[in-house]
Structure formats: structure tokens, C-alpha cells
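Engineer: below is the sequence, then the predicted model.
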Amino acid sequence: METASKKLTRFSLMSQVKQPDVSQRQIAASLGVSAATVNQMIREAVIEGTIEKEGDNPRRTNYRLTSTGRSQRRQIALDLLLGDLPLYESVSNWLDERVGHLTQQGHHNVAIWGTGPMLEFSLISVLKELHIVGLAPKPGYGFKHFDLDHQHDQIDAFISTTNEIPSGYRRLLREHEIPLVFFT
């Protein structure tokens, strides 16, 4: 069975490829994964027939959803928005559990790294019990930008909603002994 995180990522990928002239690098940044991961996801989607390549030039390749892909995307949207309440509850409970562990360990002020649906789901759970000092690497969702290099003393935990974290952030977290917690 496909995990909620993978289902959300697949839905987001399918939404992104509908845009003309969107690069794999842009899709990767939007999803919070590496370009290599997006490349692999697209190759798999082409093989399963949900995405189709357009054009022969590798530098200007566009993608489009096939009719199968459009049906699958609609079904995922319905599952996530209407029909798959157990999936939503499962993700919500899992995130609440992660937040509970943080509060039990005495963490209350956090910064969050990430993009896309998992960031949005995480914000809902985190706001119930923790104080969000800021979002890295950019502002959004009503929170200010968080500069880990200069504001490390304001947080006691760093949450990531993606496995792709810049090595500079990892180094700073180690230097300042700030726990890194993955919500992926």
C-alpha cells in the first residue's frame, strides 16, 4: 500500500507536469526532493503510462498527463480530499505522535524546513503544541524566514518535512547541538 507521503508527492508531481516548460529542477524544488528523485519518478510514470514525454530535445522536454494519469490524479485528489478520511487521520495521528515526542523531550521552539503537502500537514500538527520560530529557507504561511546561522539560539529542535537538507544546515545543527527531526 502506498504511504500518505508518497501519495501526496505523486499527486504534486502530476500537478507540476501539467505546466508547460517546467523543468525537473523546478519540480524538485517545489516537492522538496532532489532532481534525481524527480527524474526517477517521471521515468516510472512514463513506464506505467500516466505521464507522456513531448519533444525529442532533452533540454526542452515537456511532459503531459495521459488520460490514465488524469484519472489517477483525480482519484488521488478524491481520496485525499473526500473519500480517504482514514488516510488523513493516519497522517494526522502520525504527525501528532511525532510532535508529542518533541514536547516530552522538552522541545517547544522549532524551525521547519520543507515545501509542499507534507509541510502543510506538519504545520497543522505542530501548531497544536509547539511554537514555530520560523520557516527555512524562505518565509511563507505567515511565518518569517529563519536564518539558522544567526538565530540558532532561538530554537531547541529543527523539523524537516523532506530528506533533502543542505549540508550547510546539517553542519550548523551539529555545531549547535540542535536535534534534527524528520517528518517524512
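Structural biologist: Yep, that arrived. Numbers count the residues shown, from 1 in each chain.

Engineer: lowest-confidence helix or strand of the protein?
Structural biologist: Confidence across the helices and strands of the chain bottoms out at helix 116-129, with a mean of 75, counting by mean pLDDT, DSSP states H and E.

Engineer: secondary structure element for the residue with the largest distance to the centre of the chain?
Structural biologist: No residue in the chain sits farther from the centre than residue 56, which is 30.5 Å out by Cα atoms, centre = their mean. According to DSSP states H and E, residue 56 maps onto no helix or strand at all.

Engineer: and residue 18, by the same measure?
Structural biologist: Of the helices and strands defined by DSSP H and E, none includes residue 18.

Engineer: residues touching it, list them.
Structural biologist: 64, 65 (Cβ atoms under 8 Å, 6 or more residues apart in numbering). No exception for glycine: its C-beta is placed from N, CA and C like everyone else's.

Engineer: also the one 10 residues further on?
Structural biologist: Residues near residue 28 by Cβ under 8 Å, 6+ apart: 34, 35, 37, 38.

Engineer: whichever of the residues you listed end up buried, select them in ChimeraX.
Structural biologist: Selection of the buried residues among those in ChimeraX, burial being defined by 16 or more other Cβ atoms under 10 Å:
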select :34,37,38
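
Engineer: in helices only, show me the contacts of residue 28.
Structural biologist: Among those, DSSP state H puts 35, 37, 38 in helices.

Engineer: phi and psi next, for residue 131.
Structural biologist: Per-residue torsions, residue 131: phi -100, psi 120 (degrees, to the nearest 10).

Engineer: and the pLDDT at it?
Structural biologist: For residue 131, the pLDDT comes out at 84.

Engineer: tally of neighbours for it?
Structural biologist: 13 (other Cβ atoms under 10 Å).
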